[in-house]
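Novice: Got a sequence here, can you model it:
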Amino acid sequence: MRALVTGGTGKTGSAVVRGLRARGAVVKIASRHPRDPDAVGFDWADVSSHDAALAGVDAVYLVAPGLVSDPERLMVPFIDRAVAGGVQRFALLSSSAIEAGTPGLGAVHAALRARAPAWTVLRPSWFMQNFVDPQHGIGRGVREARAFVSASGAGRIGFIDAEDIAAVAVATLFAPADADLILTGPQALSYDEAAAILSEVLGEPVTHRAITVEAWCARLVAAGMPAPYAAMLGALEQAIAGGAEDRVTDEVLRRTGRPPRSLRAFAQAALQ
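Specialist: Predicted coordinates for the structure are as follows:
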């Protein structure tokens with residue numbers, strides 16, 4: 001396999017690169033600031049960078065451009081260009097909250113389903129990495145104050161390790177599912193329950209405070225997030241509060257042969 005990995009230095013992309021290389025694939029990393037010897041300059045918004053990135057590859061891992069509320073505008077023409085150039089297999093990182101055909105990544109999902117020779121759409125639940133990433137509001141809160149906020153109330157989420165998402169991506173680039181896969185960890189947890197696990201691992205209290213969606217969106221905008229994107233995330237918080245993410249699937253086990261990592265195991269590795 002000769003694969004292009006967009007977002008190849010990110011949470012899932014870097015793990016996809018490692019996983020593909022471990023299985024003997026030749027990997028090209030798409031990056032706006034290429035540093036790896038196997039990296040190529042790439043910018044979703046710069047069409048002139050697309051042909052060089054796609055040259056000589058037959059599989060692509062797709063990660064949407066960050067903080068863009070209409071990624072289909074950039075990604076669907078790229079998919080068309082890739083298919084025309086002979087790319088056979090695609091894996092798209094989407095979200096458990098996004099259905100095919102809905103605006104944004106849902107439109108990219110629908111385009112893959114209609115046009116790609118072989119494809120998989122990965123629809124993971126929320127990343128466990130959010131609890132430890134200092135660039136994420138929750139991770140920053142845990143690190144600096146042992147406290148964080150959300151607008152999802154007591155709603156449960158099947159938090160998943162990005163490494164497990166990447167493992168499924170690698171497996172399905174070799175053996176496409178021609179389907180969308182809901183990916184979760186082994187448990188659906190509320191943020192209060194997650195905070196209790198983090199408290200036990202750290203040996204000191206970590207607290208979660210529920211706030212309104214309006215207050216939560218205002219915090220995101222104040223931190224520099226575009227208002228339309230913050231509003232989209234606010235709608236997801238409301239859906240979580242209503243039970244939309246309270247589910248667990250066995251897709252990680254089915255596709256990789258091993259169970260997904262628990263939040264406790266993740267936290268023990270990341271925080272101790």
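Novice: Show me where the chain has its helices.
Specialist: 13-22, 50-54, 72-84, 105-115, 137-145, 162-174, 191-202, 213-222, 227-241, 251-256, 263-271 (DSSP state H).
Novice: Which of these sits closest to residue 98?
Specialist: With distances scored as CB to CB, the stretch of those nearest to residue 98 is helix 105-115 (4.9 Å). Backbone N, C-alpha and C define where each C-beta goes, glycine included.
Novice: How far does stretch 141-155 stretch from one end to the other?
Specialist: 20 Å (CA to CA, to the nearest Å).
Novice: Show me which residues of it are buried.
Specialist: Using 16 or more other CB atoms under 10 Å as the test for burial, stretch 141-155 gives 141-142, 148-153, 155.
Novice: Just the ones of those in strands?
Specialist: Members of the buried residues of stretch 141-155 lying in strands (criterion: DSSP state E): 148-150.
Novice: As CSV, these with pLDDT and distance to residue 65 would be great.
Specialist: Output for those, formatted as CSV (pLDDT from 0 to 100; distance: CB to CB, whole Å):
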residue, pLDDT, distance to residue 65
148, 96, 26
149, 96, 27
150, 96, 25
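Novice: Looking at those, which is nearest residue 72?
Specialist: residue 150 (27.9 Å).
Novice: can you pull the contacts of the closest one?
Specialist: 138, 191, 208, 210-211, 216, 237 (CB atoms under 8 Å, 6 or more residues apart in numbering).
Novice: Among the residues you listed, name the buried ones.
Specialist: Buried among those (16+ other CB under 10 Å): 138, 191, 208, 210, 216, 237.
Novice: What is the lowest-pLDDT residue among these?
Specialist: Of all those, residue 216 carries the smallest pLDDT score, 92.
Novice: Kindly state the pLDDT recorded for the residue lying closest to it once chain neighbours are set aside?
Specialist: Leaving aside its sequence neighbours, residue 216 sits nearest to residue 151 (CB to CB, 6 or more residues apart in numbering; 3.8 Å). Per-residue confidence (pLDDT) for residue 151: 96.
Novice: Residue 151 touches residue 241, doesn't it?
Specialist: Yes - using CB atoms under 8 Å, residue 151 is in contact with residue 241, at 7.3 Å.
Novice: ok, residue 80 to residue 4 distance?
Specialist: The gap separating residue 80 from residue 4 is 15 Å, by CB to CB, to the nearest Å.
Novice: These two - which one has more neighbours?
Specialist: residue 4 (23 against 12; other CB atoms under 10 Å).
Novice: Show me the beta-bridge partners of that one.
Specialist: Going by DSSP bridges, residue 4 is paired in beta bridges with residue 28, residue 60.
Novice: Go ahead and confirm it touches residue 62.
Specialist: No - counting by CB under 8 Å, residue 4 sits too far from residue 62 to count as a contact (9.1 Å).
Novice: sorry, back to before: go through the buried residues of stretch 141-155 and say which is closest to residue 35.
Specialist: Using CB to CB, the buried residues of stretch 141-155 come closest to residue 35 at residue 142, 29.4 Å.
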